[in-house]
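>>> coords below, sequence missing:
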């Protein structure tokens, strides 16, 4: 009897639980099984939709930030995240997996587009092409690792090694994003009309990373504005989950978890930024446009323009 009850719970799902946390359903009945599940669990449908909205909104600043780290246009970062999520959703999926630009990759790939990197003697447009090519090769290697089951050998890696790797990766990503606390030394600095590398005139890239920068000082208002937003969002995400009391309106019982805490933090902090900082105090927070200017057209897909046939790739 206990075994039959367990099967029934797994088949119908737990009320209020996320659909992605249930046992995966394989085969052609996936769509109809999902429809029946959400009909019996409307709260789970609400949670799935709001979770998807939250993840989508959070992917926007993440994609922009990591694109800045890699010295490429934020528009390309956004479209990269879009296509990664689209392909990942059609090909395969995993509970709790959110696909997008990886900070670990960006922290390493930034050396390919840096003036001090191994490709510093090339034009920026050529460095970006090499960045595309190396990313493509990394994807091919990952596919081969999955096809041949090489990933199973990761179990041989010691736990201490994995922890050390993740800690080191976190430090690298943190250091790579410190440039967000920099601003132009010359506020009237204009975009270059031409780029000269090694005495050669290069075509202008669609995004030129800022060069003449200085660190923001603590006595500047913008620094404290950003830190205040960070701590407010952290407080909302921590405290909302601890609210247990529910608001009853007639037959409705509304709890603090009606929307994800991350979505609440984004809404509240956006209102604070727009209504208090920009409207009331007239002290707007730095935006992407303050960091750099770039076209917003859709990037065209193409094969990376690198010397594939020269045998030295």
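Perfect, I can see it now. These numbers were taken from a predicted model, which means no experiment stands behind them.
>>> contact partners of the one helix or strand residue 128 maps to?
Secondary structure from DSSP states H and E places residue 128 in helix 124-147. With contacts defined as CB atoms under 8 Å, 6 or more residues apart in numbering, helix 124-147 is touched by 70-72, 105, 109, 112-113, 117, 119, 122, 150-151, 195, 197, 202-203, 205, 208, 304-306, 308, 313. Glycine gets a C-beta too; all of them are placed from N, C-alpha and C.
>>> and that helix, how far out from the chain's middle?
How far helix 124-147 lies from its chain's middle: 19 Å, per CA atoms, centre = their mean, to the nearest Å.
>>> just stretch 232-243 next, same as before
Worked out by CA atoms, centre = their mean, stretch 232-243 lies 21 Å from the chain centre.
>>> what comes into contact with it?
Stretch 232-243 is contacted by residues 255, 256, 257, 261, 262, 264, 265, 266, 268, 269, 272 when judged by CB under 8 Å, 6+ apart.
>>> Using a markdown table, lay out these together with pLDDT, neighbour count and distance to residue 39.
Below are those laid out as a markdown table (pLDDT from 0 to 100; neighbours: other CB atoms under 10 Å; distance: CB to CB, whole Å):
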| residue | pLDDT | neighbour count | distance to residue 39 |
| --- | --- | --- | --- |
| 255 | 70 | 10 | 22 |
| 256 | 71 | 16 | 26 |
| 257 | 75 | 16 | 21 |
| 261 | 86 | 19 | 27 |
| 262 | 86 | 19 | 27 |
| 264 | 89 | 18 | 27 |
| 265 | 90 | 21 | 31 |
| 266 | 88 | 20 | 30 |
| 268 | 92 | 15 | 33 |
| 269 | 90 | 17 | 35 |
| 272 | 90 | 17 | 39 |
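>>> Filter these down to just the ones in helices.
The helices, defined by DSSP state H, take in 261, 262, 264, 265, 266, 268, 269 from the contacts of stretch 232-243.
>>> possible to save those as a markdown table with distance to residue 129?
As requested, these are exported to a markdown table (distance: CB to CB, whole Å):
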| residue | distance to residue 129 |
| --- | --- |
| 261 | 42 |
| 262 | 36 |
| 264 | 42 |
| 265 | 38 |
| 266 | 35 |
| 268 | 42 |
| 269 | 38 |
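>>> Identify, from these, the entry nearest to residue 90.
residue 262 (25.5 Å; CB to CB).
>>> Roughly how far does the nearest residue to that closest one once chain neighbours are set aside sit from residue 288?
Leaving aside its chain neighbours, residue 262 sits nearest to residue 54 (4.8 Å; criterion: CB to CB, 6 or more residues apart in numbering). Distance, residue 54 to residue 288, by CB to CB, to the nearest Å: 21 Å.
>>> and the two? which has more neighbours close in?
residue 54 (19 against 14; other CB atoms under 10 Å).
>>> list the contacts for that one?
260, 262, 263, 266.
>>> Kindly recompute the last result at 10 Å.
98, 259, 260, 261, 262, 263, 264, 265, 266 (CB atoms under 10 Å, 6 or more residues apart in numbering).
>>> which one of these is nearest residue 76?
residue 98 (19.5 Å).
>>> And what about that closest one, helix, strand or coil?
Secondary structure assignment for residue 98 (DSSP: H, G, I helix; E, B strand; the rest coil): coil.
>>> ditto for residue 248
strand.
>>> Can you spell out which residues form a bridge with it?
For residue 248, the beta-bridge partners are residue 253 (DSSP bridges).
>>> Just the pLDDT for it.
Residue-level confidence at residue 248 comes out at 73, pLDDT.
>>> for residue 49, same thing?
Looking at residue 49, the pLDDT reads 84.
>>> swap in residue 166?
pLDDT recorded at residue 166 is 87.
>>> Could you do residue 161 as well?
For residue 161, pLDDT reads 92.
>>> Report the separation between residue 45 and residue 109.
Separation of residue 45 from residue 109 (CB to CB): 38 Å.
>>> Looking only at neighbour counts, state which of these two leads.
Between residue 45 and residue 109, counted using other CB under 10 Å, residue 109 has the larger neighbour count: 22 against 15.
>>> before we move on, the earlier item: can you add distance to residue 249 and give the contacts of residue 54 back as JSON lines?
As requested, those are exported to JSON lines (distance: CB to CB, whole Å):
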{"residue": "98", "distance to residue 249": "33"}
{"residue": "259", "distance to residue 249": "16"}
{"residue": "260", "distance to residue 249": "21"}
{"residue": "261", "distance to residue 249": "21"}
{"residue": "262", "distance to residue 249": "25"}
{"residue": "263", "distance to residue 249": "21"}
{"residue": "264", "distance to residue 249": "19"}
{"residue": "265", "distance to residue 249": "24"}
{"residue": "266", "distance to residue 249": "25"}
